[in-house]
Structures are given as C-alpha cells and as structure tokens.
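Visitor: Okay, predicted coordinates and the sequence, questions at the end:
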Amino acid sequence: MDKFFKYLYYTVLILFVSGIIYLTTMLFLAPRQDVYDRGFIACTKELVNNLAECERGKIGCPLKFLWRDMKCNVGIIYTGVADWVKGKQKTPWANYLYEPQLIAPEDQELYQSNALNDMMDIEYQNQFFERKNEEFEAAKQRMMNTDKDVLLFNPNAATSAKVLPVPKEDENTEFDKGDITDETDITVTAPENPEAANATAPRKKDLLQDIKKQTEDKLRKGN
C-alpha cells in the first residue's frame, strides 16, 4: 500500500513538473503579436491590465492575478487538446502555435490601395523637406561661425541710401576764377527710392546752371 501511494505521489509530481515545463516552453515559443489575439495573447493582455491596477508594495494583488493568468494559459492548452480530440484541429497545440497574422484580410486591400500609397508618398516628401531644411540650417550656422562680422542678406530688411544735403544757393556769394573747378566737387548720392531721385535731380541741375551763369558774368566783367 505504501508503494502505491509512493508511486502515485511521484507520478503526480512528475506530471505537475512536466506540465510546468511544457507551459513555460509553449509560452516562450508562442507568437506575441497577432491581429486576432489568438493563443495566450488574450491572457497576457488581461494580466497586464490587471497588474496596472495593483498598488505598489502589496504582494497579494500581483499573486492573485498571476494565478488567474496561469489558469487562463492552462485553459488555452486544455482547449487545444479538447479540439484535437474532437477533430476540430490537426494538432493539440494548433490554437496557440500558429503563423501570426499582423494585417487582417479586410485591411490588406486598404494597404495596397492607391490612397494609402499617396499617403506614403506624402510622408516621404515631408521627410525629404525636413531633411533639406536641417541641411540648410546647418549650412547657415557654419557660415555664421566662419565670419561673424559679415551680415547675412535679409530680404525683409528695408534699407535706404542717405542723400547728402545740397547747399542752398546764396545770391550774394561771389565767385572768382578759382571757383570754376568747385562745381566738380559737388557729389550727391542717389537714393534707392526713385521718388527721392526725381526730387533731388532738378535742384542739382539748377544749381549747376546758376554757377555757370555767375562764372560767365565774372569772366565778362574781368575782361
């Protein structure tokens, strides 16, 4: 009688250890991603969601959900064996050892559609523009580091040339022969604004004519 209980004890122990080893091996080999959440994936997701609700420092909560996850995994194995016996699947492990499917058949046509291809092209173009913008910013930074004294061209900056003031004509001013060459010393910087240029041009012409007229009068009087 003692031998019978001894054999029964060791038989149950061996079956239990073998079941643990088998369950661990299947969990390691089973796919972890599948669009239909087949096999042990549903049990794992439920375990993760339950463990997120446990408070830190309480060991009873994680152990409870780990035990529930083990029962869920054993139930998956039992379902596979039962379906194999009933002829619903070819092997006992067909329901948790399978070829994973990441894209559902109904989404396969969308993946190959023109609309999705256009979206992929737009994404590629956006990445291209971002990369070119980064290259431009890097080149700009290198130019600034090379010569910090050089001002980079800014198309938005409004620049205007300074116009030198034209001296007013004094009727009582007398000129001598040496003043004839003074008209070549008068310089006026033309502004970039066309209106300012048109406003200053008549003043310069009148001034030159007056200088020429006064010079001729002085020469005539001298003769």
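Guide: Cool, got the structure. Numbering: from 1, shown residues only.

Visitor: What is the helix or strand hosting residue 63 packed up against?
Guide: Taking DSSP states H and E as the definition, residue 63 sits inside helix 60-86. Judged by 3 or more Cβ pairs under 8 Å, 6 or more residues apart in numbering; DSSP states H and E, helix 60-86 is in contact with helix 2-29, helix 41-51. C-beta coordinates here come from the backbone N, C-alpha and C atoms, glycine included.

Visitor: Using TSV, lay out those helices together with mean pLDDT and mean neighbour count.
Guide: Output for those, formatted as TSV (pLDDT from 0 to 100; neighbours: other Cβ atoms under 10 Å):
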stretch	mean pLDDT	mean neighbour count
helix 2-29	90	10
helix 41-51	91	15
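
Visitor: residues in contact with stretch 29-39?
Guide: Stretch 29-39 is contacted by residues 40-41, 44-45, 76, 95-104 when judged by Cβ atoms under 8 Å, 6 or more residues apart in numbering.

Visitor: how long is that stretch from one end to the other?
Guide: Start-to-end span of stretch 29-39 (Cα to Cα, to the nearest Å) is 11 Å.

Visitor: Identify each buried residue in that stretch, please.
Guide: Buried residues in stretch 29-39, defined by neighbour count with 16 or more other Cβ atoms under 10 Å: 30-31, 34, 38-39.

Visitor: Least confident of these?
Guide: Within the buried residues of stretch 29-39, residue 34 has the lowest pLDDT, namely 87.

Visitor: Give me the three-state assignment for it.
Guide: Classification of residue 34 by DSSP: H, G, I helix; E, B strand; the rest coil places it in coil.

Visitor: Okay, it and residue 45: tell me how far apart.
Guide: 11 Å (Cβ to Cβ, to the nearest Å).

Visitor: Please apply the same query to residue 62.
Guide: 16 Å.

Visitor: and if you look at residue 136?
Guide: Using Cβ to Cβ, we find residue 136 at a distance of 46 Å from residue 45.

Visitor: closest one to residue 143 among the helices and strands packed on helix 60-86?
Guide: For the helices and strands packed on helix 60-86, proximity to residue 143 was assessed by Cβ to Cβ; helix 41-51 is nearest, at 52.4 Å.

Visitor: tilt between the closest one and helix 60-86?
Guide: Between helix 41-51 and helix 60-86, the angle comes out at 170 degrees (axes from the mean of the first three to the mean of the last three Cα atoms, to 10 degrees).

Visitor: Okay, domains of the protein per the record?
Guide: Following automatic domain parsing, one gets these domains for the chain: 2-102, 103-157, 177-222.

Visitor: The ones you listed: lowest mean pLDDT?
Guide: Among those, domain 177-222 carries the lowest mean pLDDT, at a mean of 58.

Visitor: Need the contact partners of stretch 56-69.
Guide: Defining contact as Cβ under 8 Å, 6+ apart, one finds that stretch 56-69 is touched by 43-44, 46-47, 50-51, 53-55.

Visitor: and it, C-alpha only, in CSV?
Guide: The C-alpha coordinates for stretch 56-69 follow below in CSV (Å, rounded to 0.1, in the frame of the first residue of the first chain):
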residue,chain,number,x,y,z
ARG,A,56,2.9,49.3,-5.0
GLY,A,57,4.0,47.2,-2.0
LYS,A,58,1.0,44.9,-1.9
ILE,A,59,2.2,41.4,-2.9
GLY,A,60,-1.2,39.8,-2.7
CYS,A,61,-2.6,41.6,-5.7
PRO,A,62,0.0,40.6,-8.2
LEU,A,63,0.0,37.0,-7.0
LYS,A,64,-3.8,36.8,-7.4
PHE,A,65,-3.6,38.0,-11.0
LEU,A,66,-0.6,35.8,-11.8
TRP,A,67,-2.5,32.8,-10.5
ARG,A,68,-5.5,33.8,-12.7
ASP,A,69,-3.2,34.2,-15.7
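
Visitor: Right, I'll leave it there.
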